[in-house]
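Asks: Here is a sequence together with a model predicted from it:
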Amino acid sequence: METDMNKVLIAGGGAAGMMAAITAARQGCRVSLYEKNEKLGKKLFITGKGRCNITNAADMDVLFQSVISNPKFLYSGFYSFTNEQVIDFFEELGVHTKVERGERVFPVSDHSSDVINALSREMKRLGVRVYLQSEVRELLFHTSDGITSACGFLLSSGEKVTGDSVIIATGGISYPSTGSTGDGYRFAKSCGHKVTELLPSLVPMEVKEWYASELMGLSLRNIEIKITDGKKKLYEEFGEMMFTHYGVTGPVILSASSIVGKKLKEKELTLHIDLKPALSAEQLDRRVLRDFESSLNRQFKNAVDGLFPAKLKPVMVELSGIPEDKKVHEITKEERHGFVRLIKDFTMTLTGLRGYNEAIITKGGVSVKEIDPGTMESRLVRGLYFAGEVLDLDALTGGFNLQIAWSTGYLAGMNAGTAG
C-alpha cells in the first residue's frame, strides 16, 4: 500500500539512475526520474563501441582487482547485486547475453539500444515517471531538530519538486556531449560533501615523438606494453593498442591511463612496447638472422617485410640506425642486436592525457568516506543517496564500470525505497 513516505526522486537517466528507479519502484515506491537530455541512456548508448559491455562475468576477486579507486567500498554493492544477478536481470527483461574474450558480457544483438529499451520498458511497466529535458538545477533541503534532510529538486524551469528521498546519479564529466557536465559534484558540494580530484580516465594518451602521426590508424595486436617512471615500472599489460595522430589508444592504453594518469600530470612517462612478446631476445635474434640469411644481397629496408605491418616498417628501419639501403650481408652483429632490442623495446614518451570529451569515465568524485557503503546514503544529509560515476569509483575497461553503476544504483534504489 502506498504511503506518503515513499516518493523517490532521481537526478540522471543513465545506467545507475535507471537501475535505481527500477529497484525503488519494485519496492512499491512512487519514483520520478529527471533527465536533462531528450532521451535516456545517452552515454550507455555509446559504451562498448555501441554494443554495450553490460558487465564482466569474471569471479568476484577479479571484479575487485579491476576496480582502481576504493574497491573495498564496493564490497556490499558487488555482493548485493552481483555480476551474475545483472546478467539474470537483463535476461529476464528479454536482453539475451553472450560472454566474449576477457569475460566481457554483451547483448547477443550487439545493440546498446536494446539494453536502454529494456530498462525503459521496465520503468514504464512499474509506473516510473520519466521527465526528459528536465534539468535539475539545485538540491532542496530542510532541517529539523538539527538534522538536514534532502527533500527535492529545483528544476531549470523554476519548478520545485519534493519527495522523501533523493538519488543523485548524474555521472561524471567524461563525454560532456552526453550530458555529463559535473552537476552531481556541484550538488554534493552544496551540502558539504568533499569531491576528490577529478581526472579523465580510460582515455587515450599523447606522445612526443614524430612517428606517432606516421603510424596513425595502425593497430597492433598481441603486444606487451610497460609504462615506466624513470626506472620504476608503473603498469604492464598484454593486448591490443592503436596509434593516432596525437599518440596512442586502444584497450591496454585506456586501462593504463587509469593507473598512471595522476603521475602523468606531474611528469612525462615512457611507454615501452614489446612488438614480439612471444619470443625472447635470443629467439627473436635467431628469427631476424634467418630472415637476413635468406636476403643477403637485398637492401636492409627490403629484408624486414615479415617482421612488421607495412606502416610500421619505415619507422622501425629509421629508428634502427641502420642505413636503409645497406646490404644485409654488410650489417654487423652489433647492428642486428640493436635492431632486436628496438623490436623488444620500442619506446615513446607519454606527455599527457587527452581530455574529458574522449574519456570513457571520470576518475575522482564524491568522496566515498562520506557515503554509507551498505546503502549509498550520504553520511551528512539524511535521505540523500549517490550512485554511479558521480562517486569516487572507477575501474579498468571490460564492463567493470557498468557493474559499479548497476550495483550502486541497485543499493541506492533499494534503500531510498525503504527509507522513512
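Replies: Done, it's in.

Asks: List the contacts of the most far-flung residue of the chain relative to its centre.
Replies: No residue in the chain sits farther from the centre than residue 297, which is 50.6 Å out by CA atoms, centre = their mean. Going by CB atoms under 8 Å, 6 or more residues apart in numbering, residue 297 touches 327, 328, 329. For glycine as for every other residue, the C-beta is placed from the backbone atoms N, C-alpha and C.

Asks: Let me know whether residue 341 touches residue 276 as I believe.
Replies: No: if you go by CB atoms under 8 Å, residue 341 and residue 276 don't touch, sitting 11.6 Å apart.

Asks: tell me the contacts of the closest residue in space to residue 191 that isn't next to it in sequence?
Replies: With CB to CB, 6 or more residues apart in numbering as the criterion, residue 191 has its nearest non-adjacent residue at 4.9 Å, and that residue is residue 381. Counting by CB under 8 Å, 6+ apart, residue 381 touches 141, 148, 149, 150, 191, 192.

Asks: phi, psi of residue 60?
Replies: phi -60, psi -40 (degrees, to the nearest 10).

Asks: if we can go back for a sec, which two in the contacts of residue 381 are spaced the farthest apart?
Replies: Using CB to CB, the contacts of residue 381 span at most 13.4 Å, a distance reached by 149 and 192.

Asks: Residue 216 reaches residue 245, doesn't it?
Replies: Yes: contact criterion CB under 8 Å: residue 216 and residue 245 qualify, at 4.8 Å.

Asks: neighbour-wise, which of the two wins?
Replies: residue 216 (14 against 10; other CB atoms under 10 Å).

Asks: hang on, the more buried one in a strand?
Replies: No: per DSSP: H, G, I helix; E, B strand; the rest coil, residue 216 lies outside any strand segment and is coil.

Asks: Show the contacting residues for it.
Replies: Residues in contact with residue 216 (CB under 8 Å, 6+ apart) are 243, 244, 245.

Asks: Among those, find the lowest-pLDDT one for me.
Replies: Ranked by pLDDT, the contacts of residue 216 bottom out at residue 245 (92).

Asks: wait, isn't that residue in contact with residue 214?
Replies: No: look at residue 245 against residue 214 with CB under 8 Å: they stay out of range, at 9.7 Å.

Asks: Show me the contact partners of stretch 44-51.
Replies: Contacts of stretch 44-51 (CB under 8 Å, 6+ apart): 14-15, 52-53, 104, 106-107, 110-113, 115-116, 175, 178, 360, 399, 402.

Asks: mind redoing it with 7 Å?
Replies: Surrounding stretch 44-51, the residues in contact under the criterion CB atoms under 7 Å, 6 or more residues apart in numbering are 14, 15, 52, 53, 106, 110, 112, 113, 115, 116, 402.
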